[in-house]
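1. let me see the structure of the following:
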Amino acid sequence: MDGAGPVTQDTARETRTDRRGAVAAALMLAMALAALDSTVVSTAVPQIVGDLGGFSYFSWLFSGYLLAVTVTLPVYGKLSDTFGRKPVLVVGAVLFLLGSLLCALAWNMAALIAFRVVQGLGGGALQGTVQTLAADLYPLEQRPRIQARLSTVWAVSAVAGPGIGGLLASYADWRWIFLVNLPVGAVALWLIVRHLHEHRGEARPRPRVDWAGAFTVFACGGALLTALVQGGVAWDWLSAPSLTLLGTGLALLGAAVVVERRAAQPIIPGWVWRRRTIAAVNLALGALGLVMVAPAVFLPTYAQTVLGLAPVAAGFVLSVWTLTWPVSAALSQHVYRRIGFRNTAMLGIGTAALILFAFPLLPYPGRAWQPTLLMLLLGAALGLFQLPLIVGVQATVGWEERGTATASILFCRQTGQTVGAALFGAVANGVLAARLGDAGDLDAVTGALDGGAVPEATRRAVADAVHAVYLGAGCAATLAFLVLLVLAPRRFPVLKD
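-> Purely as a prediction, here's the structure:
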């Protein structure tokens with residue numbers, strides 16, 4: 001990378017002509033690694049805890065990975081604009097595979113959590129760079145095709161992940177959950193190295209990397225997101241650890257602003273928020289992160305507690321939205337070509353808000369087909385919302401800004417999910433405590449599920465808590481609608497391919 005000039009848009013043209021299919025296959029494999037990770041690991045937690053111990057802090061298996069992915073997205077986005085997509089994707093894949101191997105060799109829970117963070121450092125590069133390369137490979141009119149394929153990868157992973165994890169944990173060993181990443185990742189890495197050729201322009205001075213900005217952004221995000229993830233779980237919101245992390249995060253946020261303003265090539269450039277289109281989409285997808293928490297986190301508990309479904313059936317109620325999401329995303333191009341990116345996204349999120357507000361109107365206790373139907377409709381609505389915004393933003397920037405722009409919207413969505421988990425967890429626990437007293441919280445309800453029949457009072461309390469969460473998610477969807485209505489331009493300033 002030393003002494004190389006920035007990669008030009010010839011990357012996309014050269015790859016389109018001969019090797020685009022192989023690179024697209026590699027992107028799908030890389031996305032599968034990131035998409036399968038959490039769903040596969042979640043089903044093996046009992047076996048992992050039984051072997052390594054550390055039950056009191058096993059949640060960091062997920063939190064540590066999520067934090068590492070989230071805080072590195074802006075850094076990798078800028079690096080891909082500076083040095084090219086290929087080196088960033090290769091480094092990310094190597095880090096992810098190294099983390100997977102180390103996880104399989106972990107000797108205790110602390111080591112496993114540390115190695116999951118290493119995985120997350122690679123996962124941040126995979127998620128952001130794959131989405132950026134998808135836009136580089138295809139012209140605007142063909143981008144929904146590759147984006148729909150990537151959405152399908154997420155959908156299949158959501159459905160297949162728990163089953164794969166359960167089979168490996170039950171009939172092999174939980175360590176194979178991480179070892180199976182190695183051959184898949186090796187194939188993806190080989191395809192990228194062999195078939196992705198980035199044409200570089202004439203030699204230019206070595207790019208200057210804003211390492212000070214990268215460090216402050218990383219540290220700031222880590223402190224604030226850790227406070228959100230662990231607040232109300234590992235410690236009280238007003239406890240010393242929470243206040244310390246929040247104070248440190250805010251101080252680092254101020255430092256990051258100062259450093260980025262002075263940097264010649266900042267990690268998070270100011271234009272990300274000065275341009276109406278990108279700023280509006282960042283805020284809207286941050287709200288989408290909030291929306292996604294309601295079904296993903298709380299619906300399985302609702303299905304088991306209120307509807308009395310078995311865990312597998314409860315998982316199916318949730319997973320059906322992954323069936324309609326990619327289909328709707330693939331078809332969204334026919335809509336936004338007629339009415340524009342903004343109006344298509346507003347149609348999708350407006351419909352999603354109505355569906356979320358309808359959830360509390362379901363009869364008690366109700367039948368399983370009722371929330372299942374709502375989830376099918378919600379997936380279709382969100383597919384119509386998210387993809388036009390991602391494609392639209394990528395179409396408004398040139399090659400040299402696309403990595404940064406893509407990373408910024410993914411970062412906002414991930415941050416929204418983290419904030420949503422903390423916020424809606426507090427809402428659900430507050431409702432449960434009001435209905436059941438001091439013993440009413442999500443952990444107590446989960447424990448009651450393992451004990452057999454759930455008392456009627458607990459069932460009603462869970463229904464009320466999940467209804468409150470869905471109302472909150474409906475408000476978040478409404479906020480996203482208003483952000484697009486007020487801030488986003490009616491027509492996105494699309495650049496020529």
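
2. mind naming the longest helix for the protein?
-> In terms of residue count, the longest helix belonging to the chain (DSSP state H) is helix 399-436.

3. that one: how far from the chain's middle?
-> 9 Å (C-alpha atoms, centre = their mean, to the nearest Å).

4. buried set for it?
-> 399, 401-425, 427-429, 431-433, 435-436 (16 or more other C-beta atoms under 10 Å). In this view, the C-beta of every residue, glycine as well, is placed from N, C-alpha and C.

5. phi, psi for Gly398 please.
-> phi -80, psi 180 (degrees, to the nearest 10).

6. that one: how many residues sit nearby?
-> By other C-beta atoms under 10 Å, the residues close to Gly398 number 12.

7. which strands or helices does the longest helix of the chain pack on?
-> helix 60-83, helix 109-137, helix 211-230, helix 271-274, helix 276-293, helix 369-395, helix 442-450, helix 456-486 (3 or more C-beta pairs under 8 Å, 6 or more residues apart in numbering; DSSP states H and E).

8. how about the CA coordinates for stretch 149-161, as PDB?
-> Written as PDB, here are the backbone C-alpha positions of stretch 149-161 (Å, rounded to 0.1, in the frame of the first residue of the first chain):
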ATOM      1  CA  ARG A 149     -28.400 -11.500  -2.900                       C
ATOM      2  CA  LEU A 150     -26.600 -10.100   0.100                       C
ATOM      3  CA  SER A 151     -30.000  -9.700   1.900                       C
ATOM      4  CA  THR A 152     -30.800 -13.300   1.000                       C
ATOM      5  CA  VAL A 153     -27.500 -14.300   2.600                       C
ATOM      6  CA  TRP A 154     -28.600 -12.600   5.800                       C
ATOM      7  CA  ALA A 155     -32.100 -14.200   5.600                       C
ATOM      8  CA  VAL A 156     -30.700 -17.700   5.100                       C
ATOM      9  CA  SER A 157     -28.200 -17.200   7.900                       C
ATOM     10  CA  ALA A 158     -30.900 -16.100  10.300                       C
ATOM     11  CA  VAL A 159     -33.000 -19.200   9.500                       C
ATOM     12  CA  ALA A 160     -30.100 -21.700   9.300                       C
ATOM     13  CA  GLY A 161     -27.800 -20.400  11.900                       C
END
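
9. now what about that stretch, what contacts it?
-> With C-beta atoms under 8 Å, 6 or more residues apart in numbering as the contact definition, stretch 149-161 has outside contacts at 24, 27-28, 31-32, 35-36, 38-40, 42-43, 130-131, 134, 319, 322-323, 325-326, 329-330, 383, 387.

10. now do stretch 182-194
-> Contacts for stretch 182-194 (C-beta under 8 Å, 6+ apart): 22-23, 25-26, 29-30, 32-33, 86, 89-90, 93-94, 96-97, 100-101.

11. correct me, but Cys220 touches Val259?
-> No. Between Cys220 and Val259 there is no contact under C-beta atoms under 8 Å: 10.2 Å.

12. can you flag the buried ones in the contacts of stretch 182-194?
-> 22-23, 26, 29-30, 32-33, 86, 89-90, 93, 96-97, 100-101.

13. looking at the contacts of stretch 149-161, which are in helices?
-> 24, 27-28, 31-32, 35-36, 38-40, 42-43, 130-131, 134, 319, 322-323, 325-326, 329-330, 383, 387.

14. out of the helices and strands packed on helix 399-436, nearest to Phe359?
-> In terms of C-beta to C-beta, the element of the helices and strands packed on helix 399-436 nearest to Phe359 is helix 456-486, at 4.1 Å.

15. and the closest one, how far from the chain's centre?
-> Here the centre of helix 456-486 is set off from its chain's centre by 20 Å, with C-alpha atoms, centre = their mean.

16. in it, what's buried?
-> So for helix 456-486, counting by 16+ other C-beta under 10 Å, buried means 458-481, 483-484.

17. avg pLDDT for it?
-> Per-residue pLDDT values over helix 456-486 give a mean of 91.

18. same check on stretch 253-271?
-> Stretch 253-271 shows a mean pLDDT of 83.

19. please apply the same query to stretch 192-206.
-> 67.

20. likewise for stretch 119-129?
-> 89.

21. quick one: distance of that stretch to the chain centre.
-> 11 Å.

22. what's that stretch in contact with?
-> Counting by C-beta under 8 Å, 6+ apart, 30-31, 33-34, 37, 64-73, 75-77, 80, 85, 88-89, 91-100, 103, 403, 406-407, 410 sit against stretch 119-129.

23. so how far is whichever helix or strand Val88 is part of off the chain centroid?
-> Assigned by DSSP states H and E, Val88 belongs to helix 85-104. Its chain's C-alpha centre and that of helix 85-104 lie 18 Å apart, by C-alpha atoms, centre = their mean.

24. and stretch 273-285, by the same measure?
-> 18 Å.

25. and it, which residues are buried?
-> Buried residues in stretch 273-285 (16+ other C-beta under 10 Å): Arg275, Thr277, Ile278, Ala279, Ala280, Val281, Asn282, Leu283, Ala284, Leu285.

26. most widely separated two among those residues?
-> Longest span within these, C-beta to C-beta: Arg275 and Leu285, 14.9 Å.

27. if we can go back for a sec, just want the angle from the longest helix of the chain to helix 109-137.
-> 130 degrees (axes from the mean of the first three to the mean of the last three C-alpha atoms, to 10 degrees).

28. just the angle between helix 399-436 and helix 456-486, please?
-> Using the same axes, to 10 degrees: helix 399-436 against helix 456-486 is 150 degrees.

29. pLDDT averaged over helix 399-436, what's the number?
-> Per-residue scores along helix 399-436 average to 85.

30. same question, stretch 340-355
-> Mean predicted confidence for stretch 340-355 is 95.

31. going by distance to Ala313, which of the buried residues of stretch 273-285 wins?
-> Nearest to Ala313 among the buried residues of stretch 273-285, counting by C-beta to C-beta, is Leu285 at 31.2 Å.

32. grab the nearest non-local neighbour of that closest one.
-> Spatially, and ignoring its direct neighbours in sequence, Leu285 is nearest to Arg413 (4.3 Å; C-beta to C-beta, 6 or more residues apart in numbering).

33. picking that back up, can you list the helices and strands packed on helix 399-436 in JSON lines and add distance to Phe341?
-> Below are these laid out as JSON lines (distance: least, C-beta to C-beta, whole Å):
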{"stretch": "helix 60-83", "distance to Phe341": "21"}
{"stretch": "helix 109-137", "distance to Phe341": "14"}
{"stretch": "helix 211-230", "distance to Phe341": "28"}
{"stretch": "helix 271-274", "distance to Phe341": "18"}
{"stretch": "helix 276-293", "distance to Phe341": "9"}
{"stretch": "helix 369-395", "distance to Phe341": "3"}
{"stretch": "helix 442-450", "distance to Phe341": "38"}
{"stretch": "helix 456-486", "distance to Phe341": "9"}
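
34. so where's the stretch 1-150 of the chain uncertain?
-> Residues of the stretch 1-150 of the chain that meet the criterion pLDDT under 70 lie in 1-18, 38, 42-43, 55-58.

35. could you chop the protein up by domain?
-> Following automatic domain parsing, one finds the domains of the chain at 1-209, 270-497.
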